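K.L.:
Just the structure for this:
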Amino acid sequence: MKVWDKREFKDLDDDVELGTRNIKLALRRLRKFARTGSAEELDLDGTIRGTAHKGYLDIHMRPERHNSVKVLLFFDIGGSMDWHIKATEELFSAARTEFKHMEYFYFHNCLYERVWKDNARRYQQTTNTWDVLHTYPHDYKVIFVGDASMSPYEITAQGGSVEHYNEEPGALWLERVARTYPACVWLNPVPEREWDFTYSIKMVRQLIGNRMYPLTLEGLDRAMRELVR
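P.N.:
This is a model prediction of the structure:
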């Protein structure tokens, strides 16, 4: 039966002190530096060359180097994901630090036609998933974070959501995201050895092209390698 009561979900805390710096190190595989913006940094080599060539002090400035990789994060929140809050918050905090161009949205269990950024107002302030797909270009790296543990009907059926009547199956929305963003992975906090015991995990894994990885340091490393292929 559908759950009609309004359960309260908590926003992830991006100020959490990381349990290990290795999460950041794994995420750094996505780094792609570029110099953009105004010239605010001294270009020492250029200044030396210019001064030697002209015979007087010729100061050169250049834009700072920034990580130009753009990341779009989708976090499953609430329900069984409450068991994985600590690991998810550590990842969220690390991503906030490592990526200048990062956007995030929340969903519950499976992706549907609406996502949100504030769990306290998830019924009043939502974003149409179509708008997300049309706002962020296909060069964004997409990372889903969730346990993918739910009733199979939540993935395959119209009206299968436990919280609202979804006009289209969640599987259709996952396929749309996977088609729109070639670089797309799913991080699962459930131990990889247990994935075959939950049918919905196998379904989600297939829908995203078998690009599901455990939310461990080794899994993060594999996922980042996939995103930069």
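K.L.:
quick one, longest helix in this structure?
P.N.:
In the chain, with assignment by DSSP state H, the single longest helix is helix 85-98.
K.L.:
which residue sits closest to residue 211 in space, ignoring its chain neighbours?
P.N.:
Counting by Cβ to Cβ, 6 or more residues apart in numbering, the nearest residue to residue 211 once its immediate chain neighbours are dropped is residue 185, at 4.7 Å. For the C-beta atoms, the positions are set from N, CA and C on the backbone; glycine is no exception.
K.L.:
How many residues are close by the one you found?
P.N.:
Using other Cβ atoms under 10 Å, residue 185 has 23 neighbouring residues.
K.L.:
about what we covered before: which of the residues in the longest helix of the chain are buried?
P.N.:
Using 16 or more other Cβ atoms under 10 Å as the test for burial, helix 85-98 gives 87, 88, 89, 90, 91, 92, 93, 94, 95, 96, 98.
K.L.:
residue contacts, residue 9?
P.N.:
Residues near residue 9 by Cβ atoms under 8 Å, 6 or more residues apart in numbering: 77, 78, 106, 108, 119, 122.
K.L.:
so where's the chain uncertain?
P.N.:
The chain contains residues with pLDDT under 70 at 1-8, 10, 12-21, 31-43, 47, 60-67.
K.L.:
helix/strand/coil for the residue nearest the centre of it?
P.N.:
Compute the mean C-alpha point of the chain, and by Cα atoms, centre = their mean the closest residue is residue 73, 2.0 Å away. What DSSP: H, G, I helix; E, B strand; the rest coil gives for residue 73 is strand.
K.L.:
Beta-bridge partners for residue 74, please?
P.N.:
residue 105, residue 144 (DSSP bridges).
K.L.:
Wait, it touches residue 143, no?
P.N.:
Yes. Using Cβ atoms under 8 Å, residue 74 makes contact with residue 143 at a distance of 7.3 Å.
K.L.:
Of the two, which one has the most company?
P.N.:
Using other Cβ under 10 Å as the criterion, residue 74 and residue 143 rank with residue 143 on top: 27 against 23.
K.L.:
ok, and the closest non-adjacent residue to that one?
P.N.:
Counting by Cβ to Cβ, 6+ apart, residue 73 is the residue found nearest to residue 143 once chain neighbours are left out, at 5.2 Å.
K.L.:
contacting residues around that neighbour?
P.N.:
Per Cβ under 8 Å, 6+ apart, neighbours of residue 73: 92, 95, 102, 103, 104, 105, 142, 143, 144, 145.
K.L.:
per-domain residue ranges of this structure.
P.N.:
22-31+68-227, 35-65 (automatic domain parsing).
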